[in-house]
Every structure is written in C-alpha cells, then in structure tokens.
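Asks: sequence first, then the predicted structure, then my questions.
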Amino acid sequence: MASGESGTCRCRASGRGGRMPLTFGSHTRLLVVAPHPDDETISAGELIQHVQQAGGEVEILLLTDGDNNPWPQRWVERRLWVGPAERERWGRRRRLEVGQALKTLGVRPEALHPLGLPDMGLTAWLRFHLDALLEHVAGRLSTFQPTHVAMPSLGDRHPDHGAAHVLMRLALAHWTDSIPAVLTYLVHGRDPREGEVVVLTPGLRMHGVKLAAMEAYASQMALSGERMRALADRPEQFRKIRALRREARVLPWQLATIRQPWLTLTVVDAGGARSFRGSAAPVTASPGGGVVLDLAPPPPGSPRFAKLHMDLRSPWIFDRWGWSEI
Ligand SMILES: [Zn+2]
C-alpha cells in the first residue's frame, strides 16, 4: 500500500481484469462482518487499519460470540463436560477478547456491534428467523451507510461463514440506499475464484499491529496458536464482487447426490427459506446438462442461494457441499 494524496490510500487488486486500485479516504465507511470473534482480525486486521489511516470509519458486525467452541474450552479450562452455563461463560470471554483485539487495531469500542446469535447456528437462523435477521441487519446498514462491506466468502466451508455471506447478500440486495463494494474473505477451505482479487500490499507496521491484536485471543491461541498465527500472517486478500448477482442456473451437485434421503436442500432468497428432504427436492435434470431448481424465480432483485447439507448433529463441523448461488 502506498499513501496517496489528500489522505487517500491505495491497495492493489489483480485478477482477470488486471490491476485495479481500491481507494480509501475520509469518505470510506467499512463494515466488517465477522461470524466469530477473531475473524475480523485474521481477515481484515490490516484493511481496518488502512481505512482508519485514510480517515475513514470502521464498524464491526459480530454475529456470534463464538460460544460453541468446545475443544479449545476443554483444553483451556481443563474440563470434559461443557454445558450451557460453560458455553455462555466462554462466549463472554471471547467477547472481551474481541474488544481487546479491536482496541489494539485502534477501533473504538462503540464500533463493535455484537448480535449474540448462536455459534454454529447461523444456518438454522437463516432457515427459521430470516425476516427478523434481515430487518436487524438492514437497520445496521441504514445507520452506518457503509461504502465497503468485508464479509466471508460463500465458498467458506465453515457453516457460519457461508451463512453469514448469504445473510449479508440478501440484506444488501434489500437495502436500496446505495451499493457498497463487497469484499469477501476466506478463512476455511478453497478460494472460490469468483470476482477480482484484491491483495493488500503489506506494510510492516500494520502487519505487526495485526499480529499483536491476534494475541488478545488467548482462548484460541492456547490450542491452535500456530494455525491462528499462520492464518493471520497471510497477505490480506479479498475477492471483490462486482455485480451483486451472478447468472448460474445449474446446481453444482449431481442429481443422485441431491436425491439422497439423508440430505437436505435449503433454498434461501428474499421470499424466505425453504428446506426439502433430498428425495423430495424440487430439482430436475436439465436437457442442457446439470441439475436445475424447479421453483418459481426469487422476488425481483433478490439473489438466491441453495445449500446441500445433512440436517443432523455431527462432530465434523465443516460443510461438505456448502452453498451455491443460483
Ligand atoms: Zn469464524
């Protein structure tokens, strides 16, 4: 990153379209959407500093307190049983940690907006409380008026991260005040290779501040310090989604896979959320190849997302099939 004239910072973007400047200034209002405490620092600790250095405003929308995090909790608290009271205490601890990390990044305490949704429960909230969630997020957007929104990638394999993307895209499609730049970040899984890549040019001082902020997350560092530091040590990279809608009609799964009775197909758009047992999913083989949804189109202007998943509790937290935008 190089400092430009009149408090403007430039970051470089590269991708199919070549290089593209991402410009911040005193007009910039960056909203960072974090499913759990630490996602904001791992993914955007330097982006936050770039915006603040340029005189812009930053807010953090923290979706959960990261309370459903049993293995680090067992390790740190030397206990086997983790019940609701223990989870709540762990969530409070992680909320304090995010406060400390943001302080290190120079973010004022009032800029943190925690929703306190259930950790590992965002997909269920999309399915069963979509209207209330959208209303709340739209209220935040209207109050803050972001010019940039940094959010998890749809392809992230952590179910809360994929669900956070769906929530924000639906809220943004519904919110008509303006169209902010959408920057997606990936923490778990493979890069979906969609949209233009924006890589922040590393700055030693900002990187040092980011790594110092990570140290606030003692609850996570105790068991996974090496992995967490490696994640935070990567050059900060985002995918800039240019258009808020993509034109892909075909589902990325085989018909025989979707039809498995132990799988659930969930479809979410501005019209609501619907879930179908795989064997009864409204899908047909397209004459042109692939599988298409047999549902009326979403309301005008709304993106639509589908997720193929197991509707069962499992010790394996990551999504196998995940979300697709259609
Ligand atoms: Zn996370």
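Replies: Yes, it's here.
Asks: any stretches of the stretch 101-250 of the chain with poor pLDDT?
Replies: 242-248 (pLDDT under 70).
Asks: what segments of it are helices?
Replies: Taking DSSP state H, counting those that start in this stretch as the test, the helices found in the stretch 101-250 of the chain are 122-128, 130-144, 159-174, 204-214, 218-233.
Asks: number of residues surrounding Gln254?
Replies: When neighbours are counted by other Cβ atoms under 10 Å, Gln254 registers 11. No exception for glycine: its C-beta is placed from N, CA and C like everyone else's.
Asks: excluding its backbone neighbours, what's nearest it?
Replies: Val291 (7.1 Å; Cβ to Cβ, 6 or more residues apart in numbering).
Asks: next, count neighbours for that neighbour.
Replies: Val291: 21 neighbours (other Cβ under 10 Å).
Asks: what's opposite it in the beta bridge?
Replies: Leu251, Ala285 (DSSP bridges).
Asks: how about whichever residue of the stretch 1-150 of the chain sits closest to the ion, nearest residue that isn't a chain neighbour?
Replies: Nearest residue of the stretch 1-150 of the chain to the ion: His36, at 3.7 Å (Cβ to the ion). The spatially closest residue to His36, leaving aside those adjacent along the chain, is Gly66, at 4.0 Å (Cβ to Cβ, 6+ apart).
Asks: state whether the one you found is indeed within a strand.
Replies: No: remark: Gly66 does not belong to a strand; assigned using DSSP: H, G, I helix; E, B strand; the rest coil, it is coil.
Asks: that one reaches Glu40, doesn't it?
Replies: No: using Cβ atoms under 8 Å, Gly66 is not in contact with Glu40; the gap is 11.6 Å.
Asks: quick one on the thing from earlier: what's the burial count for the residue nearest to His36?
Replies: Every residue meeting other Cβ under 10 Å relative to Gly66 is counted, giving 28.
Asks: give me every residue that touches it.
Replies: His36, Pro37, Asp38, Trp90, Gly91, Arg94, Asp119 (Cβ atoms under 8 Å, 6 or more residues apart in numbering).
Asks: distance of it relative to Leu96?
Replies: 11 Å (Cβ to Cβ, to the nearest Å).
Asks: now the phi/psi pair for the residue nearest to Lys210 when sequence neighbours are not counted, please.
Replies: Nearest non-adjacent residue to Lys210, counting by Cβ to Cβ, 6+ apart: Gly45, 3.4 Å away. Main-chain torsions, Gly45, degrees, to the nearest 10: phi -60, psi -30.
Asks: near the ion, which residues of this protein show up?
Replies: Pro35, His36, Asp39 (Cβ under 5 Å from the ion).
Asks: got the confidence number for the last one?
Replies: The reference is to Asp39. Confidence at Asp39, expressed as pLDDT, is 97.
Asks: pretty sure it is touching Pro152, no?
Replies: Yes: Asp39 is within contact range of Pro152, at 7.3 Å (criterion: Cβ under 8 Å).
Asks: what strands line up against the strand or helix carrying Val267, and which way round?
Replies: Under the criterion DSSP states H and E, the helix or strand holding Val267 is strand 264-269. Counting by DSSP bridges, the strands paired with strand 264-269 are strand 272-277 (antiparallel), strand 304-309 (antiparallel).
Asks: most tightly surrounded among the ones you listed?
Replies: Of the strands paired with strand 264-269, the one with the most neighbours on average (mean count of other Cβ atoms under 10 Å) is strand 304-309, at a mean of 22.
Asks: what's next to that strand, contact-wise?
Replies: 123, 154, 159, 162, 166, 169, 251, 253, 257-258, 263-269, 278, 293, 297-298, 319-326.
Asks: next structured bit after that strand?
Replies: strand 322-325.
Asks: by contact count, what packs against that next one?
Replies: Using 3 or more Cβ pairs under 8 Å, 6 or more residues apart in numbering; DSSP states H and E, the elements in contact with strand 322-325 are helix 159-174, strand 304-309.
Asks: center of this protein - which residue?
Replies: Pro152 (2.3 Å; Cα atoms, centre = their mean).
Asks: surely that one and Val166 touch.
Replies: No: here Pro152 lies out of contact with Val166, judged by Cβ under 8 Å, at a distance of 9.7 Å.
Asks: is the residue lying farthest from the centre of the chain within a helix or a strand, and which one?
Replies: The centre of the chain is farthest from one residue, Pro287, which by Cα atoms, centre = their mean lies 34.8 Å away. Secondary structure from DSSP H and E places Pro287 outside every helix and strand.
Asks: how many neighbours does Trp316 have?
Replies: 7.
Asks: report pLDDT for it.
Replies: pLDDT, read off for Trp316, is 77.
Asks: and the gap between it and the ion?
Replies: 16 Å (Cβ to the ion, to the nearest Å).
Asks: enumerate every residue touching that residue.
Replies: Listed by Cβ under 8 Å, 6+ apart, the contact set of Trp316 is empty.
Asks: Thr184 is nearest to which of the strands paired with strand 264-269?
Replies: Evaluated with Cβ to Cβ, those place strand 304-309 nearest to Thr184, the distance being 13.6 Å.
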